[in-house]
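Requesting a structural model of the entry that follows:
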Amino acid sequence: MNDGLFGSDWNPATVMNTTNAVYIIASVLFILGMKRLAHPSTARRGNQMAAVAMLMAVVVTLIDRQIVQVPWIIIGVIVGAAIGLTLARRVQMTAMPQLVAVFNGFGGAASALVASAELVRETDRVDDVAAVTIMASTIIGGVTLTGSFIAFGKLQGFVASRPVLLPGRNYINAVLLAAAIAIAIFLVFEPDTLAAFAVMGIIALALGVLLVIPVGGADMPVVVALLNSYSGLAAAATGFVLGNNMLIIAGSLVGASGLILTRIMTKAMNRSLANVMLGGFGVEDGGGAAAGGAVEQRPVRSVSAEDVALVLSYARSVIVVPGYGLAVAQAQHAVRELADELKGRGTSVKYAIHPVAGRMPGHMNVLLAEANVPYDELKDLDEINSEFDRTDVAIVIGANDVTNPAARTDPASPIFGMPILNVDNANAVVVLKRSMASGFAGVENELFFLEKTMMFFGDARASVEGLVREVKAL
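Below you'll find the predicted structure:
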């Protein structure tokens, strides 16, 4: 008699049906939660729904499988909630990709460990189907673990953000992958050969490092999205190992959404996934600064807050282009205040959002939503690009590669072909930056050197606050 979920007085069929019912409810909450994430006004509630679904799935699984006693479940929930709450409050939006990378790594590790434990526990009774899913979960989980932590290191600055291109790296990776698959096939028929299983796991860990280390910092958000998909696939494979429907559903949702996100990002950068993983972005020949050559010193037009305020006072239409610099300076509230002041004077204000502005898709949307910027003022690349021709002033705040005209005109540039915001078509351009430093791609932005461009140097938040004061004073 199963005495897991409701005790020994319940028959096994009732317990199983009740557990599956809870899993179905949790799955529906996951799906509805993801749907609500599509709009800032409902995203908070969607996140809460998904969190409740995960809590239901974890608690029911632990109780039903009699993994730990109820007091330990309560303790685990409290400790986990405390850690999650601390991270949610302390981790800045600019560091969110790093946090996602760490979560991906832990997810991959958990899947690999659970699958490994199942193989050790059931060595003599593992059938072929279970063996295949165990091997898949272990390989994908291992790659996800080390790959995610290399991605975290590159984003955080612990590991060099520039590509590390080992000689013959593609051949090495191909050989290691073939070896891992060959060992996995062998283990399907001989699952009790634990030494071979350990070798396969080590190869998977090495592959994670070797696949991510050649990728430059500019492409790291794409890699994080892909690794997120990997963590979901590993979880789904583990779900098949355990016969856990909830894990299969949740893993499939994560895997599919991660692949969709990866596709969106590569399309926005006009790069294939193979180009991201194998190209060494930022070190191509002819890539100017990215190629390691000396940067030509060219004059730019530097202006003050008073100069910019005067230009804005005559503008009838303004487009704000937010980027990573806005996120670093936490300037979103100051930008909203400036926009409100301009709109009070009859100026039209819109925001141009590039899919890869910042360090992850939706980064700018979340920041601006935090400052209560009306959602209908946020326009994506396809919506806004045709409007720059009719715009008096474009204000670029920390956005670099996504506004670089070289993407359209310079075939030798590493960002050539990437869809960009047509900021250079506006009548006047104001660029807020700390310095003339290049963006993630490591190339100079040709926008900075146009006659119509005004460079307003300084911290973005302080600069925008200064603009607000000057505009109010006019």
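
Assumed Val254 was part of a helix.
Yes. Applying DSSP: H, G, I helix; E, B strand; the rest coil, one finds Val254 inside a helix.

Identify the residues contacting it.
Val254 is in contact with 228-229, 231-232, 235, counting by C-beta atoms under 8 Å, 6 or more residues apart in numbering. For glycine as for every other residue, the C-beta is placed from the backbone atoms N, C-alpha and C.

one more time with 6 Å, if that's ok
Gly232 (C-beta atoms under 6 Å, 6 or more residues apart in numbering).

can you check Thr403 too?
Contacts of Thr403 (C-beta under 6 Å, 6+ apart): 396, 420-421, 423, 447.

Nearest spatial neighbour of it, chain-adjacent residues omitted?
Nearest residue to Thr403 in three dimensions, chain neighbours excluded: Val423, at 4.5 Å (C-beta to C-beta, 6 or more residues apart in numbering).

ok, now how distant is that neighbour from Ala117?
54 Å (C-beta to C-beta, to the nearest Å).

Likewise for Gly208?
Using C-beta to C-beta, Gly208 is found at 20 Å from Ala117.

Neighbour count: the two, which is higher?
Neighbours of Gly208 and Ala117, each counted by other C-beta atoms under 10 Å, are more numerous for Gly208; the result is 27 against 12.

Show the model's pLDDT score for the residue nearest to Ala160 when sequence neighbours are not counted.
Among residues not flanking Ala160 along the chain, Lys154 sits closest, at 7.4 Å (C-beta to C-beta, 6+ apart). Turning to Lys154, the model gives it a pLDDT of 85.

Now do the domain split for this structure, please.
12-278, 305-473 (automatic domain parsing).

check contacts around the closest residue to Ala236 other than its chain neighbours.
Once flanking residues are discounted, Ala236 sits nearest to Gly251: 3.1 Å by C-beta to C-beta, 6+ apart. Going by C-beta under 6 Å, 6+ apart, Gly251 touches 232, 235-236, 239.

before we move on, what about Gly141?
108, 111-112, 234.

circling back: just among the contacts of Gly251, which is most surrounded?
Ala235 leads the contacts of Gly251 on contacts (other C-beta under 10 Å) with 28 neighbours.

dump the residue contacts of that residue.
By C-beta under 6 Å, 6+ apart, the neighbours of Ala235 are 111, 247, 251.

what's next to whichever helix or strand Ile319 is part of, contact-wise?
Following DSSP states H and E, one finds Ile319 within strand 317-322. Applying C-beta under 6 Å, 6+ apart, the contact partners of strand 317-322 are 347-352, 364, 391-397, 399, 421, 423.

Of these, grab the buried ones for PyMOL.
In PyMOL, this line selects whichever of the contacts of strand 317-322 come out buried by 16 or more other C-beta atoms under 10 Å:
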select buried, resi 347+348+349+350+351+352+364+391+392+393+394+395+396+397+399+421+423
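
what about the residue nearest to Ala236, distance to Ser27?
Gly251 is 11 Å from Ser27, by C-beta to C-beta.

Likewise for Leu227?
When C-beta to C-beta is the yardstick, Leu227 and Ser27 sit 23 Å from each other.

neighbour-wise, which of these two wins?
Leu227 (32 against 20).

In this structure the more buried one contacts Val143, no?
No. Applying C-beta atoms under 6 Å, one finds Leu227 not in contact with Val143, separated by 8.2 Å.

where are the low-confidence patches of this protein?
1-13, 15, 65-68, 123-124, 217-218, 275-296, 440-441 (pLDDT under 70).

The spatially most central residue of it: what's it in contact with?
Taking C-alpha atoms, centre = their mean, the centroid of the chain lies closest to Met360, which sits 4.4 Å from it. Going by C-beta under 6 Å, 6+ apart, Met360 touches 97, 221.

and with 7 Å instead?
Contact partners of Met360, counting by C-beta atoms under 7 Å, 6 or more residues apart in numbering, are 96-97, 221.

chain center to stretch 328-341: distance?
Chain-centre distance of stretch 328-341: 24 Å, with C-alpha atoms, centre = their mean, to the nearest Å.

Confirm Ala352 sits in a strand?
Yes. Counting by three-state DSSP, Ala352 is found in a strand.

in what helix or strand does the residue nearest to it when sequence neighbours are not counted lie?
Spatial nearest neighbour of Ala352, chain neighbours left out: Ile384 (4.4 Å); criterion: C-beta to C-beta, 6+ apart. For Ile384, the element it lies in under DSSP H and E is helix 381-384.

what's the following helix or strand after the longest helix anywhere in the chain?
Ordering each helix of the chain by length in residues (DSSP state H) puts helix 128-156 first. Per DSSP H and E, the first helix or strand lying C-terminal to helix 128-156 is helix 169-189.
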